[in-house]
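In: Need coordinates for the following:
(chains A and B)
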Amino acid sequence: MVYLTRKAEFAASHYYHNPELSQEENQRLFGKCNNPNGHGHNYVLEVTVKGEVDPRSGFVVDLKQLKETMNREVLDAMDHRFLNKEVPEFAKKIPTTENVAIAIWQRLAPKLTTARLHRVRVYENPDLFVDFYGDE
Amino acid sequence: MIVYLTRRYRFSASHRLHNEAMSETENRETYGKCNNPYGHGHNYFLEVTVSGPVNVTTGMVCNLIDLDGFVHREVLARFDVQNLNLLPEFAQEVPTTENLCSAIHDILKRGFSCAHLEKVRIEETMMNSFEIGSFMR
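Out: The predicted structure is shown next:
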């Protein structure tokens, strides 16, 4: 089994707010991230797939296809977007890095055929990242 | 659904690797330059990984306000800009980064209850790092 990781970067804005909570509670839980005008990050995405090496191509996965899938399913939807307002997953869910990682997994997993998705890692900044391995 | 969250912190400290139970020669042979009696220092990077289900109210595994607060209060305030050899944690132990990693893992394991502690990882320099905890495949 070989694991292959491809990186991508996207810039997006978001804010944290739960409409079921009071303004004070939102402020206490989310602090500065609760500003409704949003703020942004340069997110770095690492997608790790796993599989056997194909004896003919020597590949676990065709990198061009993986890149195209990541572009189509994730970057086209999230790059230079306001996550709360423009990405359907976050109409009801708060776009924390945790939920962004889960959403990216759910977008990619059904589209990958030759290799299986192993891990989605999302860096919100160099000092904070989230890993998701799917349903365990 | 379990999600893993990793937060990175930095701190600076000095240390000297020296074991009183060894002879001068043995200390020098074992620890080399790190045995210099005056000590030396590092800019350490600390990574703390916690895990858990995503809380539906907050969208979070663990509120960073809680994790940062705990790490600043219980770890960084204790070790940042200190001589590790003079701290009670290293009264009996050589302050190698293995032992430092273990001391920080103990502090988090004992005191941090907002999420499950998975791993503590410390980079002593860009070239070496140490980790204690589970290895996520």
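In: distance of the nearest residue to A:Thr69 once chain neighbours are set aside from A:Asn71?
Out: Of all residues not flanking A:Thr69 in the chain, A:Lys111 sits nearest, at 5.2 Å (Cβ to Cβ, 6 or more residues apart in numbering or on different chains). The C-beta positions use only the backbone N, C-alpha and C, and glycine is treated the same way. From A:Lys111 over to A:Asn71 the distance is 11 Å, taken as Cβ to Cβ, to the nearest Å.
In: Over to B:Val71?
Out: B:Val71 is 37 Å from A:Asn71, by Cβ to Cβ.
In: Which of these two has more residues huddled nearby?
Out: For the pair B:Val71 and A:Asn71, the greater number of neighbours falls to B:Val71 (21 against 14), based on other Cβ atoms under 10 Å in any protein chain shown.
In: rewinding a little: residues near the residue nearest to A:Thr69, how many?
Out: 14.
In: Counting by contacts, list what the longest helix along chain B packs against.
Out: When chain B is parsed with DSSP state H, its longest helix is helix B:97-111. With contacts defined as 3 or more Cβ pairs under 8 Å, 6 or more residues apart in numbering or on different chains; DSSP states H and E, helix B:97-111 has these neighbours: strand B:40-53, helix B:77-79, strand B:116-125, strand B:128-133.
In: Out of these, which is closest to B:Thr25?
Out: Nearest to B:Thr25, of all these, is strand B:40-53, at 20.2 Å by Cβ to Cβ.
In: Render the CA-only coordinates of that closest one in PDB, please.
Out: These are the backbone C-alpha positions of strand B:40-53, laid out as PDB (Å, rounded to 0.1, in the frame of the first residue of the first chain):
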ATOM      1  CA  HIS B  40      22.700  26.000  25.400                       C
ATOM      2  CA  GLY B  41      19.200  26.800  24.100                       C
ATOM      3  CA  HIS B  42      16.500  26.000  21.500                       C
ATOM      4  CA  ASN B  43      13.400  27.500  20.000                       C
ATOM      5  CA  TYR B  44      11.100  24.600  20.500                       C
ATOM      6  CA  PHE B  45       7.900  24.100  18.500                       C
ATOM      7  CA  LEU B  46       5.200  22.200  20.400                       C
ATOM      8  CA  GLU B  47       2.300  20.500  18.600                       C
ATOM      9  CA  VAL B  48      -0.700  19.300  20.600                       C
ATOM     10  CA  THR B  49      -3.200  17.100  18.900                       C
ATOM     11  CA  VAL B  50      -6.700  16.500  20.400                       C
ATOM     12  CA  SER B  51      -9.600  14.500  19.000                       C
ATOM     13  CA  GLY B  52     -13.300  14.000  19.300                       C
ATOM     14  CA  PRO B  53     -16.700  14.400  17.600                       C
END
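In: and the next element down the chain from it?
Out: Using DSSP states H and E, the next helix or strand after strand B:40-53 towards the C-terminus is helix B:64-70.
In: Any chance you could spot the residue sitting in the middle of chain B?
Out: The residue lying closest to the centre of chain B (Cα atoms, centre = their mean) is B:Cys101, at 3.7 Å.
In: now check stretch A:123-131, is it near chain B?
Out: Yes. Judged by Cβ under 8 Å from any Cβ of the partner chain, stretch A:123-131 and chain B are in contact via A:Pro126, A:Asp127, A:Leu128, A:Phe129, A:Val130, A:Asp131.
In: Does the fourth one touch A:Thr97 like I think?
Out: So the one you mean is A:Phe129. Yes. Counting by Cβ atoms under 8 Å, A:Phe129 does reach A:Thr97; the two are 7.4 Å apart.
In: okay, and the common contacts of these two?
Out: Common neighbours of A:Phe129 and A:Thr97, using Cβ atoms under 8 Å, 6 or more residues apart in numbering or on different chains, are A:Val122, B:Leu5.
In: what number of residues lie near the residue in chain B positioned nearest to chain A?
Out: Among the residues of chain B, B:Gly59 lies nearest to chain A; the distance is 3.3 Å by Cβ to the nearest Cβ. B:Gly59: 22 surrounding residues under other Cβ under 10 Å.
In: isn't it right up against A:Thr96?
Out: Yes. The criterion here is Cβ under 8 Å, and B:Gly59 meets it with A:Thr96 at 3.9 Å.
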